[in-house]
Structure formats: C-alpha cells, structure tokens
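K.L.:
One predicted model, sequence on top.
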Amino acid sequence: MKPVRLGVLLSGRGSNFLAIAESIRTGKLTGAEIAVVIANVADAGGIESAQKLGLPTIVLVSKGRKRAEHDAEVIAALKQHDVDLVILAGYMRLLSPEFVAAFPNKILNIHPALLPAFPGLDGQTQAFEYGAKIAGCTVHFVDEHLDHGTIILQRAVPVLDTDDAHTLAERILVEEHLAYSEAIGRVVSGEYTTVGRRYVRRDAAK
Ligand code: GAR
C-alpha cells in the first residue's frame, strides 16, 4: 500500500521530528514517509537536521505576516508535496480555521501536558508550578480551538520532589518521542475511529 505522506511543521530544534524520522528509518513506524519539513522560523534547528537526512525542506517565515496569508502558503506547499497527514512538531503558531478545514482530521499535534490541563505555552512549567503530581504529554487531532481536538494518546510522567521545570520537561520529552510515533502509527493504521470525542480501536467502538 502507498505510504501515508507526512508533512512536518516545526519552529525549533525538531527533536520530535527526528524521533519520528528515526522510527520510520528503523521500521518502528511503518506505512508512513516524510514528504516535507516546513519551518516558520528562519533558523529552526529542525530544518538543518532534515537537510542532513536529505528530506525536502521549506522555510516560510511567519513573523510579521497575516495568519491567513502565511497559512495559505503553507497549505499550498503541503499540497504540492502531496501531504496526507500534517504533523505539528513544536510548531508554535496557531492554525487558522482555513488551515484546519484544508486538512480535516488530518492534522496532529503534540502538547507537553496532559490535556485538557495546561494548554497553551510551556505546558511543562505550568504543570510544575501548579504543583501537579502527574504530568505528561498528549498527541491529539487539531481542531479550530487551542490544544483541544480529539486525544489519540497520552503518556504520564510523575513529578518528583527533586524536579525543577527543566528536569520535568526533559523527562516529558523522552515520552513525547515515544508517544508521537505510536500515535501516528495508530492513525496511519486506520484501525481507529472516533466515538464523540473518544478515539477508540475500531473493534472496540460502541
Ligand atoms: C515539545 O516539547 C512539544 O511538545 C512542544 O514544543 C516542544 C518542541 O520540541 N509543543 C508545544 O508546546 C505546542 N503547544 P522539539 O522542537 O524538540 O520537538
């Protein structure tokens, strides 16, 4: 079967992108290939990593641009590369409703907190400062609202008394790297369906 073509969007170092690329390379994640990596920040480290892997890369700087205009360019680039599934991997920019509508139920995001707790920026620090005892990460479908769409999977990370926000974020990141490939694998397998807000195995759907 034709592999599902992933379009990765990122703004920074791109460690989640690299973990996904490594999962594909080692055969842990099958049925998917990375079609293009797009950054909205000129010096995003993830772009250099993608170039080293020989992947197509595009930088479309968003700073100072109107959201709708910038998003239209990103959508066009994704379509040009025949992208089936959009992977937000540390893409620190809200998507316009037009963007979400262009890839219905075909955009995934990873958030470094157990949603619906601590949406928005720096979820790890929010959880730490709130005094949460269990933190973690969430992979979810993207809808028009911030960090809100259907949850595909979550991984929990205990908050230790010896933690600071940085050590907690580091341990969450380890789980993010596992969670994202696993979630993409689930979506690519097509063996899952949605029941209301719940994402469940097709054979378990009631
Ligand atoms: C990750 O921790 C990711 O969960 C977070 O940005 C980081 C990107 O790291 N995303 C968000 O906070 C989105 N709301 P990376 O560039 O090394 O993958």
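P.N.:
Yep, it's here.
K.L.:
So which elements touch the helix or strand where Thr193 lies?
P.N.:
Assigned by DSSP states H and E, Thr193 belongs to strand 192-195. Judged by 3 or more CB pairs under 8 Å, 6 or more residues apart in numbering; DSSP states H and E, strand 192-195 is in contact with strand 198-201. The C-beta positions use only the backbone N, C-alpha and C, and glycine is treated the same way.
K.L.:
just the strands in the protein please.
P.N.:
In the chain, the strands defined using DSSP state E lie at 4-10, 32-39, 57-59, 85-88, 107-111, 134-141, 151-158, 192-195, 198-201.
K.L.:
Next, the buried residues of the last one.
P.N.:
By neighbour count on 16 or more other CB atoms under 10 Å, the buried set for strand 198-201 is Tyr199.
K.L.:
What helices and strands are in contact with it?
P.N.:
Judged by 3+ CB pairs under 8 Å, 6+ apart, strand 198-201 is in contact with strand 192-195.
K.L.:
so how far is the strand it packs on off the chain centroid?
P.N.:
Distance of strand 192-195 from the chain centroid (CA atoms, centre = their mean, to the nearest Å) equals 19 Å.
K.L.:
what does that strand rub up against?
P.N.:
Outside of strand 192-195, the residues within contact range by CB atoms under 8 Å, 6 or more residues apart in numbering are 150, 152, 186, 199-202, 205-206.
K.L.:
I'd like the mean pLDDT over it, please.
P.N.:
In this model, strand 192-195 carries a mean pLDDT of 93.
K.L.:
Just the C-alphas of the strand holding Thr193, formatted as PDB.
P.N.:
Taking Å, rounded to 0.1, in the frame of the first residue of the first chain, the C-alpha atoms of strand 192-195 are listed here in PDB:
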ATOM      1  CA  TYR A 192      -9.200   3.500  15.000                       C
ATOM      2  CA  THR A 193     -12.300   5.500  14.800                       C
ATOM      3  CA  THR A 194     -13.900   8.300  16.800                       C
ATOM      4  CA  VAL A 195     -17.000   8.000  19.100                       C
END
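K.L.:
partners of it in the sheet?
P.N.:
Note on strand 192-195: by DSSP bridges, its sheet partners are strand 198-201 (antiparallel).
K.L.:
Output the partner strand as CSV - backbone C-alpha positions only.
P.N.:
C-alpha atoms of strand 198-201 as CSV (Å, rounded to 0.1, in the frame of the first residue of the first chain):
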residue,chain,number,x,y,z
ARG,A,198,-13.2,9.4,22.1
TYR,A,199,-10.6,7.9,19.8
VAL,A,200,-11.0,4.1,20.1
ARG,A,201,-10.0,0.9,18.4
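K.L.:
now that strand, how far from the centre of its chain.
P.N.:
With CA atoms, centre = their mean, you get 18 Å for strand 198-201.
K.L.:
Stretch 23-31 too?
P.N.:
Taking CA atoms, centre = their mean, one finds stretch 23-31 lying 17 Å from the centre of the chain it belongs to.
K.L.:
Return the set of buried residues in that stretch.
P.N.:
When neighbours are counted by 16+ other CB under 10 Å, the buried residues of stretch 23-31 are found to be 23-24, 29.
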